[in-house]
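[1] Provide a 3D model corresponding to the input given below.
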Amino acid sequence: MGLSRRRSRFHVGLRTILVVPFVAQLVLAIFAVWLIARLNSQRAVEHGIAYLRAEIVQRMREFVTSWLDDPHRINEINAAAIEGGVLDPGDTDQLLAFFWNELRVFPRVSYIQYGSEDRSFVGVERTDDGRFRAWLSTGATGYLNCHYAMEEGGRLGEQTLPSGQCHAYDPRGRPWYRAAVETDGPTWSGIYQFSNLHVDQKLADMAVRAVRGPGGKLAGVLGVDLVLSQLGDFLRDLKVGETGVTFIMDRDGGLVAGSTVGLPGVVGPDKKIRRLRADACGDIVIAGTAAELARAFPVLDDIDEPQQLTGRVASRLMFIHVLPFADGRGIDWLLVVVVPEADFMAKIRSGDRLTVLFVLAAFLVAVLMGVVTARRIVQPIRQMNLSARGLARGEWVEELSEDRPDEIGELAASFNQMAREIKGFVLQLEEKVATRTRELDDKNRQLEREILERTRAQEELRRLAAVDALTGAANRRRFRELASSEVERAARYERPLAVVLIDLDHFKGVNDTYGHQAGDDVLRVFAERCRAVGRKTDVFARYGGEEFILLLPETRVVEARVVAERLRSVVAAEPFETCAGPILVTCSLGVAGTEQTEKPALDTLVARADQALYQAKREGRNRVAVWQET
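    Reported below is the predicted structural model:
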């Protein structure tokens with residue numbers, strides 16, 4: 001049967017019936033929806049970005065700049081007064097009055113203090129209820145840090161802390177003091193826990209500056225505290241859309257302050273505050289935004305200019321603005337503003353309603369025209385669809401009717417021809433696939449065998465690289481790998497650790513008298529007895545020839561000596577069974593431990609154990625010697 005069909009004089013092609021009305025309606029509806037949505041969305045996005053950049057971020061930067069400048073300005077005033085002779089750091093009453101007046105002038109400052117090289121310390125604190133409290137640790141107080149009430153004019157009042165609760169205090173050893181001494185100019189101490197016996201747990205940062213006398217000699221250090229909760233209060237007062245969030249984080253990812261969190265840390269049972277990372281804080285928006293920043297910038301130090309980002313946080317699309325902030329004195333923060341896209345939806349809802357009405361009208365018109373058109377084309381197309389699905393499943397259905405004179409009839413004829421060709425192609429392809437599958441299966445099995453053999457060989461090589469083949473003990477290289485990490489751990493956590501170096505007495509005589517095979521048997525039996533005495537956590541290795549070494553974590557020298565004596569007794573208790581018969585063997589042992597040195601190192605411990613071993617040899621062998629510092 002040919003594919004050509006006679007057409008009637010008044011034939012209307014299927015392409016005209018389907019394409020012209022539907023395409024015209026769809027193009028009109030899509031263009032209108034796109035135009036309205038584009039205009040509204042563009043206005044909303046532009047407004048949001050402008051709002052973030054021009055208002056919120058600018059206000060954050062201005063506040064943080066001013067907030068951070070105040071304490072350094074106070075330090076400069078105080079340093080100039082001291083160095084110019086206006087303010088006498090040895091006059092406690094004058095210092096207290098001066099600091100008291102400054103706290104009244106600068107309401108955002110929480111604490112002003114001065115520590116001197118003669119160990120004296122004077123500080124004035126603004127308490128949570130707005131009153132002032134003096135902290136003194138001078139020669140008059142016996143260098144015990146106590147606090148006192150303050151009267152009007154900055155005069156010292158009564159002592160408010162019982163004398164029994166006062167504690168010794170030396171400002172020269174405090175981190176804030178050392179930070180000022182080590183830095184040539186004003187700097188920050190770093191965020192720390194600001195607390196005392198009568199103040200709630202909080203975090204603060206201290207602006208510090210060294211004061212120098214004649215000839216540049218260090219006289220003392222000035223410090224002014226800022227409590228981070230003030231940053232959080234400011235951020236909470238900012239209006240960022242309906243549900244926007246602001247926060248500040250440092251370059252290490254630590255949270256400094258946030259508009260939706262209180263203390264940027266967790267208070268432990270010991271009353272110590274552990275700072276929170278921004279991506280692990282309790283607020284899902286802050287945590288999610290910090291995670292997005294980490295994905296976009298794996299190294300936060302790479303953010304050296306303002307960034308405009310979008311991302312999904314808590315299943316919502318967010319506009320994120322990041323501004324790097326550095327004050328040139330050690331502060332290097334990121335100011336972050338996060339506004340949900342949903343906050344702008346109110347501005348485009350009216351346009352959305354118009355869009356929906358227009359789309360509905362276009363849809364109704366399209367449906368009416370589609371119903372009329374479907375009466376002519378749906379039934380044959382549905383039959384062709386069913387046949388195509390059956391063909392896709394490999395079911396060779398009956399051929400379609402080709403008695404229509406229009407494009408549907410031509411399409412049915414083409415479909416039937418295609419089905420016949422596909423059937424022939426599929427049969428040929430199935431035969432080729434079956435053949436190729438068998439070949440691939442054979443290749444895969446061969447490859448699996450090769451991979452298994454290589455894996456086994458690699459495992460055996462790794463085992464031989466770390467184990468002494470004769471005794472089964474760790475070899476010298478493996479010992480140094482394991483022992484180095486144990487020594488480092490002991491040094492970090494200040495835990496005891498001991499090394500026992502063991503040497504078989506007169507082993508050369510065993511080889512010369514009984515032969516090397518008997519000597520190898522002695523080494524194997526010796527290693528078995530040593531492993532039986534040691535713990536699972538101990539590191540036992542053959543160190544070279546007839547020398548063995550035992551590393552004892554969490555073991556003091558006196559305990560290590562007991563282990564060494566037990567090992568010596570087990571070795572000497574009964575003869576070793578060898579190919580040449582029983583052979584009686586003894587050993588000498590040298591012990592050294594980390595508690596005998598301030599900075600333990602593996603080579604030092606081994607060298608000292610070796611010295612102790614030679615001492616045992618000199619004293620007659622078959623004994624334990626402990627290294628002693630001469």
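[2] and the next helix or strand past the strand or helix carrying Leu452?
    Per DSSP states H and E, Leu452 falls inside helix 407-466. Downstream of helix 407-466, the first helix or strand assigned by DSSP H and E is helix 476-493.
[3] circling back: how far does the helix holding Leu452 sit from the chain's center?
    44 Å (CA atoms, centre = their mean, to the nearest Å).
[4] by how many degrees do it and helix 476-493 diverge?
    Here the directions of helix 407-466 and helix 476-493 differ by 90 degrees (axes from the mean of the first three to the mean of the last three CA atoms, to 10 degrees).
[5] packing partners of helix 407-466?
    If contacts are counted by 3 or more CB pairs under 8 Å, 6 or more residues apart in numbering; DSSP states H and E, helix 407-466 sits against helix 14-51, helix 345-392, helix 476-493. Where you see a C-beta, it was placed from the backbone N, CA and C, and this is true even at glycine.
[6] go again with 7 Å.
    Helix 407-466 is packed against helix 345-392, with contacts defined by 3 or more CB pairs under 7 Å, 6 or more residues apart in numbering; DSSP states H and E.
[7] what ranges of the stretch 301-450 of the chain fall below the confidence cut-off?
    344-356, 358-359, 362-363, 365-388, 390-404, 406-409, 412 (pLDDT under 70).
[8] how about 90 then?
    301-302, 304, 306-321, 327-330, 338-450 (pLDDT under 90).
[9] burial count for Phe132?
    20 (other CB atoms under 10 Å).
[10] leaving out chain neighbours, which residue sits closest to it?
    Distances taken as CB to CB, 6 or more residues apart in numbering put Met150 closest to Phe132, at 4.3 Å, once the chain neighbours are dropped.
[11] burial count for that neighbour?
    For Met150, using other CB under 10 Å, the count is 22.
[12] that one contacts Trp100, correct?
    Yes. With contacts counted by CB atoms under 7 Å, Met150 reaches Trp100, the gap being 6.1 Å.
[13] which residues do the two both contact?
    Phe132 (CB atoms under 7 Å, 6 or more residues apart in numbering).
[14] show me the contacts for the nearest residue to Arg277 once chain neighbours are set aside.
    Sequence neighbours aside, Gly253 is the residue nearest to Arg277 in space, at 5.0 Å (criterion: CB to CB, 6+ apart). Contact analysis of Gly253 by CB under 7 Å, 6+ apart lists Arg277, Ala278, Asp279, Ala290, Leu300.
[15] switch to 8 Å and redo it
    Contact analysis of Gly253 by CB atoms under 8 Å, 6 or more residues apart in numbering lists Arg277, Ala278, Asp279, Ala290, Ala294, Leu300.
[16] where along the stretch 1-150 of the chain do the helices fall?
    Remark: helices assigned in the stretch 1-150 of the chain by DSSP state H, counting those that start in this stretch are 14-51, 57-83, 92-105.
[17] could you say what helices and strands the shortest one packs with?
    Contact here means 3+ CB pairs under 8 Å, 6+ apart; on that basis helix 92-105 packs against helix 57-83, strand 111-116, strand 121-126, strand 132-137, strand 155-159.
[18] follow-up on the earlier one: which PyMOL command selects the buried ones in the contacts of Gly253?
    Here is the PyMOL selection string for the buried members of those, based on 16 or more other CB atoms under 10 Å:
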select buried, resi 277+278+279+290+300
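[19] contacts only, for Arg561.
    Each residue near Arg561 by CB under 8 Å, 6+ apart is listed here: Val591, Val624, Val626.
[20] ok, the first one - contacts?
    Applying CB under 8 Å, 6+ apart, one finds that Val591 lies in contact with 498-500, 557, 560-561, 564, 609, 612, 624-627.
[21] tell me the buried residues in stretch 512-523?
    The neighbour-count check on stretch 512-523 (16+ other CB under 10 Å) flags Tyr514, Ala518, Gly519, Asp521, Val522, Leu523 as buried.
[22] isn't the fifth one right next to Asp505, touching?
    No. Here Val522 lies out of contact with Asp505, judged by CB atoms under 8 Å, at a distance of 11.2 Å.
[23] what's the burial count for Pro175?
    Neighbour count for Pro175, taken as other CB under 10 Å: 12.
[24] quick one: it from Gly253, how far?
    Distance, Pro175 to Gly253, by CB to CB, to the nearest Å: 21 Å.
[25] where exactly do the strands run in the stretch 451-600 of the chain?
    497-504, 539-544, 547-553, 576-578, 581-583, 587-593 (DSSP state E, counting those that start in this stretch).
[26] what packs against the following helix or strand past the last one?
    When you say that, I think you mean strand 587-593. The helix or strand immediately downstream of strand 587-593 is helix 602-618, counting by DSSP H and E. Judged by 3+ CB pairs under 8 Å, 6+ apart, the packing partners of helix 602-618 are helix 476-493, strand 497-504, strand 587-593, strand 624-626.
[27] so what touches the first one?
    Just to be clear, that refers to helix 476-493. The contact list for helix 476-493, computed with CB under 8 Å, 6+ apart, reads 465-467, 474, 495-497, 499, 539, 541-544, 549, 551, 553, 594, 599-602, 605.
[28] swap in stretch 619-628?
    Contacts of stretch 619-628 (CB under 8 Å, 6+ apart): 505-506, 557, 561, 564-565, 568, 572, 586-592, 596, 608-609, 611-613, 615-616.
[29] show the buried residues in the residues you listed.
    Among these, those buried by neighbour count (16+ other CB under 10 Å) are 505, 557, 561, 564, 568, 587-592, 596, 608-609, 611-613, 615-616.
[30] strands paired with the lengthiest strand in the chain, and their directions?
    With DSSP state E setting the assignment, residue counts place strand 199-212 as the longest strand in the chain. The pairing partners recorded for strand 199-212 under DSSP bridges are strand 187-188 (antiparallel), strand 192-196 (antiparallel), strand 218-227 (antiparallel).
[31] tabulate the ones you listed (TSV), appending mean pLDDT, mean neighbour count and distance to Asp332.
    Output for the strands paired with strand 199-212, formatted as TSV (pLDDT from 0 to 100; neighbours: other CB atoms under 10 Å; distance: least, CB to CB, whole Å):
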stretch	mean pLDDT	mean neighbour count	distance to Asp332
strand 187-188	94	21	10
strand 192-196	70	16	17
strand 218-227	92	23	16
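[32] nearest to Gly265, of those?
    strand 192-196 (8.2 Å; CB to CB).
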